[in-house]
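*Asks:* predicted coordinates and the sequence they were generated for:
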Amino acid sequence: MWFLRKMATTYADEIKKFFATNAKTRDVQAHTAKVHSVAWSCDGRRLASGSDRLTKDYTVFRGHGASVDQLCWNPHNPGQLATASGDKTFKFEVNEISFNKDYFAIGSADALVSLWNLPELVCMRTFTRLEWPVRTLSFSNDGKMLASASEDLVIDIGEVETGEKLHQITCDSPTFTVAWHPKRNLLAYACDDRRDRDAGIVRVFGFPSDT
C-alpha cells in the first residue's frame, strides 16, 4: 500500500511539474461559429472539430445539412470519423458518441464527475471541484488523468487514481468540449466564445510555455 501511494504521489508531482512549464495554449481559427465538438485521430495527427460554419483554410468533410454536434474517430483506424448532427440524418436524436475503455466517467447535472468500475458497475470516486452541470469529459492517453468542464470558467484536470487536482485551465467562457491527444499531454477544447472575434476557435493546451 505504501508503494502504491508513493507511485501515485510521484505521478501527481511529475504532472504538476510538467504543466508548470507546459501551460501554453495555441488557437486554431477553424470555424466562424460556435464549436460543438473536438476529437483527435488515434495516431494524433489530425484534430477534427464540428460546428455550423467553417473557414476556407482547412479540410472540410460534408454530408450533414445542419451543425455537427458530436464526432469521434475510430480508435483503430485514423482515417475513419463518425459524426452526429442536428439534421435528423438518423431517425432518433444522438447527443453523444464515445468508445469506452476499461472504466468510464459520468458528468452529471449536479456538477459531479463520477468514476465507475465497468465490470461491477460500482462508483469508485467522485470529483467535486466544478459548480455547474458537467458538459464534457476526456481521459488522457495513459488513462491517468481526467479533464472535465462545464459553465465554470475553468477546465479541471484530476488524477484518476486519487481524484487529486493536477491542474486547472482558466477560460473566459463556458467550455463545450474537451479531448486529450492520444499520445501526448495536449488537451484540445472549445468554449462558448460570445465575442465575435473569438467565435469558432479551437484551443490546444499543453505546449511549452517559453515558445
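*Replies:* Everything's here; your move.

*Asks:* bridging residues for the one residue sitting closest to the centre of the chain?
*Replies:* When C-alpha atoms, centre = their mean is applied to the chain, the residue found nearest the centroid is V178 (2.0 Å). Counting by DSSP bridges, V178 forms beta bridges with Y189.

*Asks:* distance of it from P119?
*Replies:* 27 Å (C-beta to C-beta, to the nearest Å). C-beta here means a position set from N, CA and C on the backbone, and glycine is covered the same way.

*Asks:* same check on C191?
*Replies:* Separation of C191 from P119 (C-beta to C-beta): 36 Å.

*Asks:* between those two, which has more neighbouring residues?
*Replies:* More neighbours surround C191 than the other of C191 and P119, with 21 against 7 (other C-beta atoms under 10 Å).

*Asks:* surely K16 is within a helix?
*Replies:* Yes: under the criterion used here (DSSP: H, G, I helix; E, B strand; the rest coil), K16 sits inside a helix.

*Asks:* how about the secondary structure of the closest residue to E164 other than its chain neighbours?
*Replies:* Leaving aside its sequence neighbours, E164 sits nearest to A12 (C-beta to C-beta, 6 or more residues apart in numbering; 5.4 Å). Following three-state DSSP, we place A12 in the helix state.

*Asks:* distance of A12 from K24?
*Replies:* In terms of C-beta to C-beta, A12 sits 21 Å off from K24.

*Asks:* looking at these two, which one has more neighbours?
*Replies:* It is A12, of A12 and K24, that has more neighbours when counted by other C-beta under 10 Å, with 19 against 13.
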